[in-house]
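[1] Sequence first, predicted model second:
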Amino acid sequence: MEPRYRAPRGTFDFIYPESEKVEALLAAASEILATRGYRRISTPMLESTELFRRGIGEATDIVTKEMYTFEDQGGESLSLRPEATAPVIRAYLERSLFAQGLPQKLFYAGPMFRRERPQAGRFRQFHQLGAEVIGTRDTFIDAEIISISDVLFKRLGLEAYELVVNSVGCGECRPSYVRMLSGFLEGISQALCEECRRRSRENPMRVFDCKNERCREALEAAPAIGEQLCPECRVHFQEVVDHLETLGVAFRVDPKLVRGLDYYTNTAFEFKFEGLSAQNTVSAGGRYDGLAEQLGGPETPGVGFSLGIERLLLALEAQGLDPFTPPRLSVFVAGAPGVERSSVLDILVALREAGVSADADFMDRGLKSQMKQADRLGARLVLIVGKDELERGEITIRDLDRSSQVEVSLAGMVPAIREMLEAGSEDV
Ligand code: ATP
Ligand code: MG
């Protein structure tokens, strides 16, 4: 039957086991972040449109064509958040987090929304995990922020990825670079797409965002920001690179790497994976020392990363990795023919009260299909509640992993189950 309603284009449901993988992934990442002093922050999915216009930049792809923007009943322009850095800085300023001491190390996870053309690894609602450190220019923190994705990838067993780093300079060195780039772009404008010609006029560095092959080729010979840094930015970058080496994080310097958002200064980075088509950047970020001021706050340095959860799942799949064991049910309580349903439910409730994960049949199944259901649920043990046994005060426990079976007294049921679960499913 054709479903009447479908999830909107570019969105999808996370159903198990993917939903559980996401949870396990977030738990692994949270652990890495927490052990480095990061605290969780959660901002609204809606923000004023102006926050993103100011905080991401008028000439960016996100602001010009990817935001879900609407006017609410009160006439206020709101947008679904396309990213979380501007919201986190907004919260930092609004809630005076600086009063809690600096630096502030924050992390977040949740859905983001961009109206892009849906394709593998590119969705209209997707999920990001990210962190921001606000209030310090210390170059170790740049390296720490970069290393978090690397630690996570290694912990998950991922290989075949590359970290690319660069510096995009500062208010001192960027203007002269942008002039140089503009001159270059004028000379090759014939080879550029319509969009890039517009970018050339409005915000030349955005041309490096273009995914068009022809534009990319034409830009091969473009001057690179990483080669035009002022002395201070060169030192900053060198220190970041040195710290990465100390942290044992492998990287390649690409002097042409720029980031899609306007507020970046100095450090920029991307983790690219092999075999993920064009959507191969799984994690990316950088320093944004101008953002807080841009949002009306005092001069406040910041650095962060953002990692795409769906792309991370695709990378795991592409590398044949499944590091998460789905949660298993410990016990399925099956009623044999002739047994009162209330006896089955009493046992089920007793198990749950004892803290044992347990479920039972709610479809009036025969014993055989109850066994199948137990199997589907990945149950380790099946309790078979039989009429005669119950009258004797006994119950049968079948171990599905070991294919063995014992009879125990009702009073000894919970301890026996605990013992069997603790002993594991491997034969000794
Ligand atoms: P891309 O160049 O692939 O469009 P981006 O530069 O727009 O990425 P960021 O804004 O840096 O991406 O977001 C950080 C991460 O979020 C990306 O590296 C990616 O993993 C993920 N991401 C961004 N846009 C999408 C999307 N539409 N669908 C799924 N994941 C996304
Ligand atoms: Mg993008």
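    Okay, I see it. Ligands and ions are numbered 1, 2, ... in the order given.

[2] who are the neighbours of the helix or strand that residue 164 is a member of, in terms of helices and strands?
    For residue 164, the element it lies in under DSSP states H and E is strand 161-167. The contact analysis (3 or more C-beta pairs under 8 Å, 6 or more residues apart in numbering; DSSP states H and E) places strand 161-167 against helix 139-155, helix 231-246, strand 252-253, strand 265-273. For the C-beta atoms, the positions are set from N, CA and C on the backbone; glycine is no exception.

[3] try 6 Å
    Identification of packing neighbours for strand 161-167 by 3 or more C-beta pairs under 6 Å, 6 or more residues apart in numbering; DSSP states H and E yields strand 265-273.

[4] who does the strand it packs on pair up with?
    Strand 265-273 pairs in its sheet with strand 161-167 (antiparallel), strand 281-287 (antiparallel), by DSSP bridges.

[5] rewinding a little: from the chain's centre, how far out does the following helix or strand past the strand holding residue 164 sit?
    Stepping forward along the backbone from strand 161-167, the first helix or strand reached (DSSP H and E) is helix 174-187. Relative to its parent chain, helix 174-187 has a centroid offset of 35 Å by C-alpha atoms, centre = their mean, to the nearest Å.

[6] hmm, who's touching helix 174-187?
    200, 204, 222, 223, 225, 228 (C-beta atoms under 6 Å, 6 or more residues apart in numbering).

[7] Closest one of those to ligand 1?
    Within the contacts of helix 174-187, proximity to ligand 1 (C-beta to the nearest ligand atom) peaks at residue 225, which comes in at 16.2 Å.

[8] show me the contacts for the closest one.
    Residue 225 makes contact with 168, 169, 177, according to C-beta under 6 Å, 6+ apart.

[9] Please produce a markdown table containing these, extended by pLDDT.
    Listed next are the contacts of residue 225 as a markdown table, based on pLDDT from 0 to 100:
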| residue | pLDDT |
| --- | --- |
| 168 | 95 |
| 169 | 95 |
| 177 | 93 |
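
[10] and of the residues you listed, the nearest to ligand 1?
    For the contacts of residue 225, the closest approach to ligand 1 (C-beta to the nearest ligand atom) belongs to residue 168, at 13.3 Å.

[11] Contact partners for the closest one?
    Residue 168 is in contact with 225, 258, 264, 268, counting by C-beta under 6 Å, 6+ apart.

[12] go on, residue 170?
    By C-beta under 6 Å, 6+ apart, the contact set of residue 170 is 233, 265.

[13] List of residues touching the lowest-mean-pLDDT helix or strand in the chain?
    Lowest mean confidence among the helices and strands of the chain (mean pLDDT, DSSP states H and E): helix 61, at a mean of 87. The list of residues contacting helix 61 from outside it, by C-beta under 6 Å, 6+ apart, is empty.

[14] got it, and stretch 351-369?
    So stretch 351-369 is contacted by 329, 330, 331, 332, 333, 336, 344, 348, 370, 414, 417 (C-beta under 6 Å, 6+ apart).

[15] buried sites along that stretch?
    351, 356, 358, 359, 360, 361, 367 (16 or more other C-beta atoms under 10 Å).

[16] Excluding covalently adjacent residues, which one is nearest to the residue of the stretch 101-250 of the chain found nearest ligand 1?
    Residue nearest to ligand 1 within the stretch 101-250 of the chain (C-beta to the nearest ligand atom): residue 126, separated by 3.4 Å. Of all residues not flanking residue 126 in the chain, residue 310 sits nearest, at 5.3 Å (C-beta to C-beta, 6 or more residues apart in numbering).

[17] Next, find the distance separating that neighbour from ligand 1.
    5 Å (C-beta to the nearest ligand atom, to the nearest Å).

[18] gap between that residue and residue 330?
    Separation of residue 310 from residue 330 (C-beta to C-beta, to the nearest Å) stands at 31 Å.

[19] now residue 404
    From residue 404 to residue 330 the distance is 16 Å (C-beta to C-beta).

[20] Show me which of these two is the more surrounded one.
    It is residue 330, of residue 404 and residue 330, that has more neighbours when counted by other C-beta atoms under 10 Å, with 18 against 11.

[21] So what's the residue count around the residue in the stretch 251-400 of the chain positioned nearest to ligand 1?
    Using C-beta to the nearest ligand atom, the closest approach of the stretch 251-400 of the chain to ligand 1 is made by residue 308 at 2.2 Å. Residues lying near residue 308 (other C-beta under 10 Å) number 23.
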